[in-house]
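Chemist: What would the 3D arrangement of this be:
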Amino acid sequence: MTIFVIERSYAEAFDPTAEGAREINLINDEEGVRWLYSFLSVDRRKTYCLYEAPSVEAIRRAAVRAGIPADVVIELSGKVHSDGSLNPV
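Modeler: This next block holds a predicted model:
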C-alpha cells in the first residue's frame, strides 16, 4: 500500500476527540485507507497526517465524507533517516 502525507488546515483550533477519531476510522475503513498518525501544530489549526491508501482519490473521498480538509496530499517514495540512509516506504 502507498504511503501519503496529508496537510489539513482548519479555520479554528482543532480539538481531537476519541469519538471523532472512531468516526473517521470507520469512514476510512469503508474507503480502504488507514490513518497511521498525525502531528498537530502549536496553534491547533493544521495537522500533518500519515496515511496508507490505494490512491489520492481514496484519501480525498474519505476526507469529504468525514467533513475534514485534505488541502495537500503527497505520495511518498522513501524515508530518509538521520544518518542519511534512504529506505523505501
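Chemist: Quick one: name whatever helix or strand follows the longest helix along the chain.
Modeler: Longest among the helix segments of the chain by residue count, using DSSP state H, is helix 18-31. Note on helix 18-31: by DSSP states H and E, the next helix or strand toward the C-terminus is strand 34-40.
Chemist: for this structure, what spans make up the helices?
Modeler: Using DSSP H, helices in the chain cover 18-31, 56-66.
Chemist: Just name the most buried of the ones you listed.
Modeler: helix 56-66 (a mean of 18; mean count of other CB atoms under 10 Å). Placement of C-beta: from N, CA and C, glycine included.
Chemist: for it, what is the average pLDDT?
Modeler: Mean pLDDT, helix 56-66: 98.
Chemist: So what angle separates the directions of that helix and strand 34-40?
Modeler: Orientation check (axes from the mean of the first three to the mean of the last three CA atoms, to 10 degrees): helix 56-66 against strand 34-40 gives 70 degrees.
Chemist: got the contact list for helix 56-66?
Modeler: 4, 6, 8, 23-24, 27-28, 30-33, 51, 53, 69-70, 73, 75 (CB atoms under 8 Å, 6 or more residues apart in numbering).
Chemist: Help me confirm that Glu12 comes into contact with Arg45.
Modeler: Yes. Counting by CB atoms under 8 Å, Glu12 does reach Arg45; the two are 7.2 Å apart.
Chemist: If you count surrounding residues, which of these two has more?
Modeler: Neighbours of Glu12 and Arg45, each counted by other CB atoms under 10 Å, are more numerous for Arg45; the result is 14 against 7.
Chemist: what's the pLDDT at that one?
Modeler: For Arg45, the predicted pLDDT is 97.
Chemist: In contact with the nearest residue to it once chain neighbours are set aside: list those residues for me.
Modeler: Distances taken as CB to CB, 6 or more residues apart in numbering place Tyr10 nearest to Arg45, at 5.0 Å, with adjacent residues excluded. The contact partners of Tyr10, by CB under 8 Å, 6+ apart, come to Arg44, Arg45, Lys46, Thr47, Pro69.
Chemist: Over to Gly32?
Modeler: Neighbouring residues of Gly32 by CB under 8 Å, 6+ apart: Ala53, Pro54, Ala58.
Chemist: and the nearest residue to Asn25 once chain neighbours are set aside, how many neighbours does it have?
Modeler: Distances taken as CB to CB, 6+ apart place Trp35 nearest to Asn25, at 6.4 Å, with adjacent residues excluded. Other residues near Trp35 number 19, with proximity taken as other CB under 10 Å.
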